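Q: fold the following, please.
(one chain, ligands or ions: 1)
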Amino acid sequence: MKSRSPNPSTANQRCGAARVSVVADSDDRVLCARAEALAEKLGLPLAGTDTGVSGATDLLLAVTEERLELRDARRSVVGPVFVDFLHGPSGFRRRSDLSRRQPIATAIGLRRGPVAVFDATAGLARDSFLLASLGCTVVAVERSTVLGALIRDGMSRADAEGSAAVSTVLDRLTLVVDDARVVLGRLAGPAAPDVVYIDPMYPPRKKTALPKKEMRFCRRLVGDDGDSADLLAVARRVATRRVVVKRPRYAPPLAPNPTVRFEGKQVRYDVYSTSVRSPD
Ligand SMILES: C[S@@+](CC[C@H](N)C(=O)[O-])C[C@H]1O[C@@H](n2cnc3c(N)ncnc32)[C@H](O)[C@@H]1O
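A: Numbers count the residues shown, from 1 in each chain. As a prediction, the model looks like this:
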């Protein structure tokens, strides 16, 4: 398991409208010291303990005994968001979707064997972890320092609690907190990834079911990813085999004429081939 620290010059918080403060879950000295160190590292304000938060904060990055979590500062009925690679329906322990025939695996090109994937939009790193579980070597890049901290926390908890199989998956996963366009720009030549995977925030839709809590929090934190077409253009110049873009089924492609599309139940994977061989 590897992770690289944020580069403050490029990995600054790209916020939606949300203001984020760091908080310790109790007045325990160790938790308070950890919260203080995290606030300093991320350049975010520190909000004493949960009860002492002022109205100037929308989201709280809370340091608790067991994990790091993102909370709604105003609506305590909304549960927290955190990264958990082991538990829950898509956690490693209950994972039943490790088929290499599922649309994301086919789109990535796993039929040809293990692939080096550059996940340019890590978010909460669920796709990164899935791809690493499927045998890919994954560089997961996230430009939000808050999400980067949540991913790093999830990785170290999974490493501490998990089995040898989980550690093997984590060994294939490297987190970089930075803008993927900048990181990709440094990777031309032999270091270039086979595949760049892009999953930008979904375009808002007028009539739709409410997006899942995790993505609602992410949107408040990072905004709409309005520059994702630019990210796709950079990725197409660098990937040696293909770029895969995850889209909701209702949305048009991010760039015209994908080479091929793979349909999932609710999402579609648009593949842009960058090599002379056409994707399978
Ligand atoms: C929809 S979320 C991705 C969810 C992710 N696939 C998962 O499994 O959790 C999109 C994320 O991409 C990030 N992002 C968008 N453009 C980026 C860029 N140029 N560099 C790094 N991260 C980017 C956003 O900050 C956001 O967290």
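Q: out of everything not next to it in sequence, what's closest to the closest residue to the ligand within the stretch 51-200 of the chain?
A: Among the residues of the stretch 51-200 of the chain, Gly123 lies closest to the ligand, at 2.5 Å counting by CB to the nearest ligand atom. From N, CA and C alone the C-beta is placed, and that goes for glycine too. Once flanking residues are discounted, Gly123 sits nearest to Cys218: 6.0 Å by CB to CB, 6 or more residues apart in numbering.
Q: so that neighbour makes contact with Arg126?
A: No - in terms of CB atoms under 8 Å, Cys218 does not count as a neighbour of Arg126; the distance is 11.3 Å.
Q: more neighbours: which of those two?
A: Cys218 (22 against 19; other CB atoms under 10 Å).
Q: does the longest helix along the chain come close to the ligand?
A: Scanning the chain for the helix with the most residues, using DSSP state H, yields helix 145-161. Yes - using CB under 6 Å from any ligand atom, helix 145-161 reaches the ligand at Leu147.
Q: tell me what angle the next helix or strand after that helix forms with helix 145-161.
A: The helix or strand immediately downstream of helix 145-161 is helix 164-171, counting by DSSP states H and E. Comparing the axes of helix 164-171 and helix 145-161 via axes from the mean of the first three to the mean of the last three CA atoms, to 10 degrees yields an angle of 150 degrees.
Q: could I have the next helix or strand after helix 164-171 exported to CSV, CA atoms only?
A: Sequence order places strand 173-177 as the next helix or strand after helix 164-171, per DSSP H and E. Extracted in CSV, the C-alpha atoms of strand 173-177 (Å, rounded to 0.1, in the frame of the first residue of the first chain):
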residue,chain,number,x,y,z
LEU,A,173,-2.9,0.4,-5.2
THR,A,174,-1.1,3.7,-5.0
LEU,A,175,-2.8,6.9,-4.0
VAL,A,176,-1.7,10.3,-5.3
VAL,A,177,-3.4,13.5,-4.2
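Q: in the next helix or strand after strand 173-177, which residues are buried?
A: Sequence order places helix 180-185 as the next helix or strand after strand 173-177, per DSSP H and E. Neighbour counts over helix 180-185 (16 or more other CB atoms under 10 Å) mark Ala180, Arg181, Val182, Val183, Leu184 as buried.
Q: contacts only, for the last one.
A: Just to be clear, that refers to Leu184. Going by CB atoms under 8 Å, 6 or more residues apart in numbering, Leu184 touches Phe118, Ala120, Val196, Val234, Ala235, Val238.
Q: so for it, what's the pLDDT?
A: Among the per-residue scores, Leu184 shows a pLDDT of 96.
Q: kindly report the same for Thr208.
A: 59.
Q: from the contacts of Leu184, which two are the most distant?
A: Phe118 and Val234 (10.8 Å; CB to CB).
Q: overlap in contacts, those two.
A: Ala180, Leu184.
Q: among the two, which residue is more densely surrounded?
A: Phe118 (26 against 19).
Q: ok, for that one, nearest residue in space, not its chain neighbours?
A: That would be Pro193: by CB to CB, 6+ apart, it lies 3.8 Å from Phe118.
Q: tell me the SS of that neighbour?
A: coil (DSSP: H, G, I helix; E, B strand; the rest coil).
Q: count of residues packed around it?
A: 23.
Q: over to Leu98?
A: Neighbours around Leu98, by other CB under 10 Å: 12.
Q: same question for Ser228.
A: Ser228, neighbours per other CB under 10 Å, totals 20.
Q: what parts of the stretch 101-250 of the chain come near the ligand?
A: 120-121, 123-127, 141-144, 147, 179-181, 199-201, 218, 222, 225, 228, 231.
Q: sort out for me which of those are in strands.
A: Of these, the ones assigned to strands by DSSP state E are Val141, Glu142.
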